[in-house]
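Trainee: fold the following, please.
(chains A, B and C)
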Amino acid sequence: VIDVAHELPRHAIAPAALVLRNALAFMPTGVHMAVVDPGVGTDRRSVALACRDGNLLVGPDNGLLWLAAEQCGGIERAVDISRSPFGIEPVSATFHGRDLFAPVVARLATGTPVERTGEEIDPDSLVRLELPRPEVEAGQVTAAVISLDRFGNAQLNVDADQLDRAGIKRGDRVVIECGGRGHDGVVFGRTFADVEPGGMLIYEDSAQAIAIAVNRGDAAATLGLSLDSEVTLTKAGTVQ
Amino acid sequence: VIDVAHELPRHAIAPAALVLRNALAFMPTGVHMAVVDPGVGTDRRSVALACRDGNLLVGPDNGLLWLAAEQCGGIERAVDISRSPFGIEPVSATFHGRDLFAPVVARLATGTPVERTGEEIDPDSLVRLELPRPEVEAGQVTAAVISLDRFGNAQLNVDADQLDRAGIKRGDRVVIECGGRGHDGVVFGRTFADVEPGGMLIYEDSAQAIAIAVNRGDAAATLGLSLDSEVTLTKAGTVQ
Amino acid sequence: VIDVAHELPRHAIAPAALVLRNALAFMPTGVHMAVVDPGVGTDRRSVALACRDGNLLVGPDNGLLWLAAEQCGGIERAVDISRSPFGIEPVSATFHGRDLFAPVVARLATGTPVERTGEEIDPDSLVRLELPRPEVEAGQVTAAVISLDRFGNAQLNVDADQLDRAGIKRGDRVVIECGGRGHDGVVFGRTFADVEPGGMLIYEDSAQAIAIAVNRGDAAATLGLSLDSEVTLTKAGTVQ
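Mentor: Predicted coordinates for the structure are as follows:
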């Protein structure tokens, strides 16, 4: 049993979906359970998904598993486990991680075929997760914060190709606007120490997303960023 | 080795005793160590308890293990391990988890009989833990917060039967009074999404206690609750 | 796989180096990875160190491993793994824990000889970590906070022998000065409960360092301490 993360933001599906997707690229093939579940106990479905690459995903049908399923080659079979014979009776109304998902995961991990954990459903009926898309213009990209880590690094819904299409390249200086304020002196670097301690940078992070950081500091606190904050990156020149 | 919880409130024995008791109902039979130990290094005893259902509990004799021992069918044998031959010498004055409890647990887990870990003592001499009891009147229950989770959900020393005796049933509206202020519009629901996002509810939680939550919010922050806060629940009508 | 600690202060090498050193004294011989790495992606080296007692240490060459290596009998072989054949390609610029250290650790743990993980280097070329030394005078010690735990206990760069040389012994009263303010009524005790709840003490902690605590309270918050805070301990009498 490997614990990937326990300190994700509360009630926030997209950041957890990103953590799951990004972690799976570096995990052994197996059964993966995820629980960010504000709709627990309602009629939202609980699902087990068999992916084309052999991974199995278990959790609520609220989009949480969607990016991971794409990462795993797409869904071969989807099973509604809401009334799984393997749940602990009675299933509580507020803790399906304990009463339903974990017992189903234990069965899957010990060889029970996925179709025996509930009723097979059409994968096309699953709730999808769409990340917001950035606006890319000449010299400017308008983006959203999609994830924050405990260092205060803010991951954006932008990749290096999109910045490139806006004409923003590594080595450029950019202005970051958010919350009505502009911050200049930001460098498009490669790693934190490309700027002085306290300096701000954008960089391609370890999940191939563009992120904002402060070297030995906390970019989210410095800029007042939270999940879904809108951020505009504008090219302001090139570092000499 | 399974880590149940590391982020319990400091120095607070009752909330940790509840977490231990509630977790054990879903854990395999084995050796369980718990350390919330403000009296470490004083003459409070360290103990190993063999329970009637086969579970073994190790920790300080300060009430921390008491609810779990009840959950495990009661205590068959109690051993004072304060001067256990298995402690690491010298046992530090402030870290018995490392120097005494963990080495004893390792011995128990590898088959050493509990009576060889120290000196057998009378189970009746152990420090007990009594949770505060609620006041139940017609239409009103006065309760205390006994546990808070990281979502801000506040568990009360009340169960659904006690609410029922006060005439408060699922589907009722209640007023919550605490710290001199009243909060109405609270619903006795089944799960978080029974109210709109930001709405407040009471519900039977996954440990069969009544708890207060805010859907996608933080009830403890909203109401200014902390451990031992007094809360009054008053029936105010029934949801139509 | 044993997780020692995940909640160390950000970017702070010395406190993490102390945690690693102190933990290793109680860990089985094996391969130990540590990552506090503000210089990730720069030309700072990544290293694997084979210690004289059989332990292997993997991490950045920034002093983080230095105290642990001393604890483990000193370094027998040092290997620069910056361009290890076992890294995941491409190694990201900001997450060597995932892309370089962990894969090398996996190889070492499964028997690959350390010299095959990269290029052997002179152990004398490694970055060292020097902890600040206290000033010891008659009746007074000027010290620095080198580590803070989640209880607010503040570990100092002082041991009991140094206090003894200043004439400060267990049972003495001391005045603690920090940030321009004096705090008296502090007792040199053995454990937290040697003073009343809310009372302040100094004591020899479980790593044989002198630390400041408040019984059932938070010394760091009470005194406004952070890492590297300067603290003066002055003898003020003996408890009767």
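Trainee: contacts, neighbours, all on C-alpha from now
Mentor: OK.
Trainee: part of a strand, is residue A:130?
Mentor: No: if the criterion is DSSP: H, G, I helix; E, B strand; the rest coil, then residue A:130 is coil and not within a strand.
Trainee: next, count neighbours for residue A:147.
Mentor: 23 (other CA atoms under 10 Å in any protein chain shown).
Trainee: mind listing what it touches?
Mentor: Residue A:147 makes contact with A:15, A:18, A:154-156, A:227, according to CA atoms under 8 Å, 6 or more residues apart in numbering or on different chains.
Trainee: before we move on, what about residue A:192?
Mentor: Counting by CA under 8 Å, 6+ apart, residue A:192 makes contact with A:201, A:213-216, C:38-41, C:94.
Trainee: just the ones of those residues in strands?
Mentor: Per DSSP state E, strands hold the following members of the contacts of residue A:192: A:201, A:213-214.
Trainee: quick one, which of the residues you listed are buried?
Mentor: Neighbour-count burial (16 or more other CA atoms under 10 Å in any protein chain shown) applied to the ones in strands among the contacts of residue A:192 gives A:201, A:213-214.
Trainee: which of the residues you listed sits closest to residue A:49?
Mentor: Distance to residue A:49 across these (CA to CA) is lowest for residue A:213, with 35.4 Å.
Trainee: residue A:215 against residue A:195, yeah?
Mentor: Yes: between residue A:215 and residue A:195 there is a contact at 6.6 Å, judged by CA atoms under 8 Å.
Trainee: let me know the pLDDT of residue A:145.
Mentor: Here the pLDDT value assigned to residue A:145 is 97.
Trainee: again, but for residue A:239
Mentor: Reported pLDDT for residue A:239: 66.
Trainee: what's next to the longest helix along chain A, contact-wise?
Mentor: Longest helix in chain A, counting residues (DSSP state H): helix A:13-24. The contact list for helix A:13-24 (CA under 8 Å, 6+ apart) reads A:4, A:8-9, A:34, A:36-37, A:62-69, A:71, A:129, A:131, A:146-148, A:207.
Trainee: stretch A:226-234 near chain B anywhere?
Mentor: No: Stretch A:226-234 does not reach chain B (CA under 8 Å from any CA of the partner chain); its nearest approach is 14.6 Å.
Trainee: what's the span of that stretch, first residue to last?
Mentor: End-to-end distance of stretch A:226-234 (CA to CA, to the nearest Å): 20 Å.
Trainee: same question for stretch A:164-182.
Mentor: Start and end residues of stretch A:164-182 are separated by 21 Å (CA to CA).
Trainee: in it, what counts as buried?
Mentor: Of the residues in stretch A:164-182, A:166-170, A:172-178 count as buried by neighbour count, 16+ other CA under 10 Å.
Trainee: close to chain C, is that stretch?
Mentor: No: contact of stretch A:164-182 with chain C is not found when judged by CA under 8 Å from any CA; the minimum separation is 13.3 Å.
Trainee: and that stretch, what's its mean pLDDT?
Mentor: 94.
Trainee: residue B:191 is in contact with residue A:42, correct?
Mentor: Yes: counting by CA under 8 Å, residue B:191 is a contact partner of residue A:42 at 7.4 Å.
Trainee: more crowded one of the two?
Mentor: Using other CA under 10 Å as the criterion, residue A:42 and residue B:191 rank with residue B:191 on top: 23 against 14.
Trainee: and the more buried one, how far is that from residue C:9?
Mentor: 37 Å.
Trainee: now do residue A:138
Mentor: 40 Å.
Trainee: next: residue A:76.
Mentor: Going from residue A:76 to residue C:9 by CA to CA gives 43 Å.
Trainee: kindly report the same for residue A:230.
Mentor: Residue A:230 sits 29 Å away from residue C:9, going by CA to CA.
Trainee: please apply the same query to residue A:135.
Mentor: In terms of CA to CA, residue A:135 sits 36 Å off from residue C:9.
Trainee: just residue A:121 next, same as before
Mentor: According to CA to CA, residue A:121 stands 47 Å off from residue C:9.
Trainee: same thing with residue A:139?
Mentor: Look at residue A:139 and residue C:9: by CA to CA, they are 37 Å apart.
Trainee: list the buried residues of stretch A:222-240.
Mentor: In stretch A:222-240, counting by 16+ other CA under 10 Å, buried: A:223, A:225-227, A:230-236.
Trainee: can you pick out the most distant pair from these?
Mentor: Farthest apart among the buried residues of stretch A:222-240 by CA to CA are A:227 and A:236. That separation is 25.6 Å.
Trainee: returning to what we had before: list just the nearest of the buried residues of stretch A:164-182 to chain B.
Mentor: Closest to chain B out of the buried residues of stretch A:164-182 is residue A:178 (25.0 Å), distances taken as CA to the nearest CA.
Trainee: need the contact list for that closest one.
Mentor: Contact partners of residue A:178, counting by CA under 8 Å, 6+ apart, are A:223, A:229-232.
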